[in-house]
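[1] sequence first, then the predicted structure, then my questions.
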2 protein chains.
Amino acid sequence: MNAPARTLQEDRAAATRARILEVAEALFRSMGYQKTAVADIARELGMSPANVYRFFASKSAINEAITDRLLGGITAELEALADGPGSAGERLRAMLRLLHARHLALFFDQKRMHDMVSAAMSEHWGVIAVFISRIEAAMARVVADGVARGEFSPRDPDLTARLLKQGTLCWTHPALISESLAKRVQDEAQLAEELEQMLGLLIQGLKADS
Amino acid sequence: MNAPARTLQEDRAAATRARILEVAEALFRSMGYQKTAVADIARELGMSPANVYRFFASKSAINEAITDRLLGGITAELEALADGPGSAGERLRAMLRLLHARHLALFFDQKRMHDMVSAAMSEHWGVIAVFISRIEAAMARVVADGVARGEFSPRDPDLTARLLKQGTLCWTHPALISESLAKRVQDEAQLAEELEQMLGLLIQGLKADS
């Protein structure tokens, strides 16, 4: 009897965790993650704060779980592009365009979530390290494939993936995107056009013999 | 008699401005620019604050003038490299290495000045726009020269200069350098090595036919 009972309990715990995150995310989207207290989340759920803390050790743990859910969706899209059809150059372009577009959408349409992701990045939350390493791993797979096909000149896939990510940070890092747009030096169309030019330069570099 | 008298007055005003900046910079370096009040600068000079304000309309004007002096030295070095000997590729590499090294030195050896330059960038002080446009103009000259020599494939010099600057921002932007080093993901030697790899990729891209 022990094992199935534990499973039922586990299911219940998972369901409660999911409900906590759902309510927390709704509050984060309306009030912002910083102004939302664990007490607000508990009240909305008809729970005691102590009960919420049984599922998440701290407010930070809730922040991380919600950021992880948000970024997990982007990671899945990127991995599908990496492992999909097309030349290696086309797949890398598509991945970096997607990363740009998703961060831009976050900035414009989900300002409060954007603030949370920006904080996650500048404060080095653990979920960000996971997000970045998965993106780099997916890009490294595409680079390795491009080298194997003879589309790119021979080069280290991991290092190259990191260079591609760092070299396009202006278009994919939430803080840098908001800086560019806040300065009003550039509008969205200009940012996108400049990213295309940058991708062209980088992909040309990958193809050239060193 | 009028004209020479005015010139003498102008000389005196310039000398006073220079003394104010010298004393202000010394205080900025020891206390930080934010904690230094105009009253502190005036006291050090044996002047009244009102007298300091005759030469600089605000504390911000003093901040800008000191930042301008600091960055002006870097700009002069970059322009000398741009207009100096060597292939276009070598000159671009040397310029971006210098920009990296100067910002790194600022971060490690002149922490308080680094904080001021970081603030200048994130708050979009006017001197930063001038600094960036002079750097981009110098790089554009080198790109144009590289195209004219047939070293690079034909491309727009201004756009290309901007791409080179944006693509290496991780290694030259004070806030991003401090982020990389603060994370302890990278030490100085790794940062420098990665910049070399990035420069290699970008210069290869410039040489390749599109």
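    That came in fine, so what should we check first? Numbering: from 1, shown residues only, chains lettered A, B, ... in the order given.

[2] any idea which residue sits dead centre in chain A?
    For chain A, the residue sitting closest to the mean C-alpha position, by Cα atoms, centre = their mean, is residue A:71 at 3.2 Å.

[3] so it touches residue A:113, yeah?
    No: shown here, residue A:71 and residue A:113 do not form a contact pair, counting by Cβ atoms under 8 Å, at 10.3 Å. Just so you know, the C-beta spots here come from the backbone N, C-alpha and C atoms, and that holds for glycine as well.

[4] ok, the residue nearest to the centre of chain A - contacts?
    Contacts for residue A:71 (Cβ atoms under 8 Å, 6 or more residues apart in numbering or on different chains) come out as A:117, A:127-128, A:131.

[5] so it is in which element?
    In the assignment (DSSP states H and E), residue A:71 maps to helix A:59-82.

[6] repeat for residue A:153
    Counting by DSSP H and E, residue A:153 is part of no helix or strand.

[7] who in chain A is up against chain B?
    Taking Cβ under 8 Å from any Cβ of the partner chain as the contact definition, chain A meets chain B at A:122, A:124, A:159-160, A:162-163, A:166-170, A:176, A:179, A:183, A:194, A:197-198, A:200-208, A:210.

[8] in ChimeraX, select just the buried ones from those.
    Buried residues among the residues of chain A next to chain B (16 or more other Cβ atoms under 10 Å in any protein chain shown), as a ChimeraX selection:
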select /A:159,160,162,163,166,167,168,169,170,176,179,194,197,198,200,201,202,203,204,205,206,207,208
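
[9] which of the residues of chain A next to chain B fall within strands?
    Using DSSP state E, no member of the residues of chain A next to chain B falls in strands.

[10] will you turn the contacts of residue A:71 into a markdown table that also has neighbour count?
    Converted to a markdown table, those look like this (neighbours: other Cβ atoms under 10 Å in any protein chain shown):
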| residue | neighbour count |
| --- | --- |
| A:117 | 23 |
| A:127 | 19 |
| A:128 | 19 |
| A:131 | 22 |
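
[11] got the residues you listed as TSV, with distance to residue B:145, pLDDT and secondary structure columns?
    Shown next, in TSV, are the contacts of residue A:71 (distance: Cβ to Cβ, whole Å; pLDDT from 0 to 100; DSSP: H, G, I helix; E, B strand; the rest coil):
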residue	distance to residue B:145	pLDDT	secondary structure
A:117	42	87	helix
A:127	46	91	helix
A:128	41	90	helix
A:131	41	93	helix
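
[12] nearest residue to whichever residue of chain A sits closest to chain B in space, please, no chain neighbours.
    Per Cβ to the nearest Cβ, residue A:205 is where chain A lies closest to chain B, at 3.3 Å. Leaving out its chain neighbours, the residue that sits closest to residue A:205 by Cβ to Cβ, 6 or more residues apart in numbering or on different chains is residue B:205, at 3.3 Å.

[13] which strands or helices does the one helix or strand residue A:8 maps to pack on?
    Assigning secondary structure by DSSP H and E places residue A:8 in helix A:2-31. In terms of contacts (3 or more Cβ pairs under 8 Å, 6 or more residues apart in numbering or on different chains; DSSP states H and E), helix A:2-31 is packed against helix A:38-45, helix A:49-55, helix A:59-82, helix A:111-122.

[14] JSON lines for those helices, including distance to residue B:24?
    As requested, the helices and strands packed on helix A:2-31 are arranged in JSON lines below (distance: least, Cβ to Cβ, whole Å):
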{"stretch": "helix A:38-45", "distance to residue B:24": "47"}
{"stretch": "helix A:49-55", "distance to residue B:24": "51"}
{"stretch": "helix A:59-82", "distance to residue B:24": "41"}
{"stretch": "helix A:111-122", "distance to residue B:24": "30"}
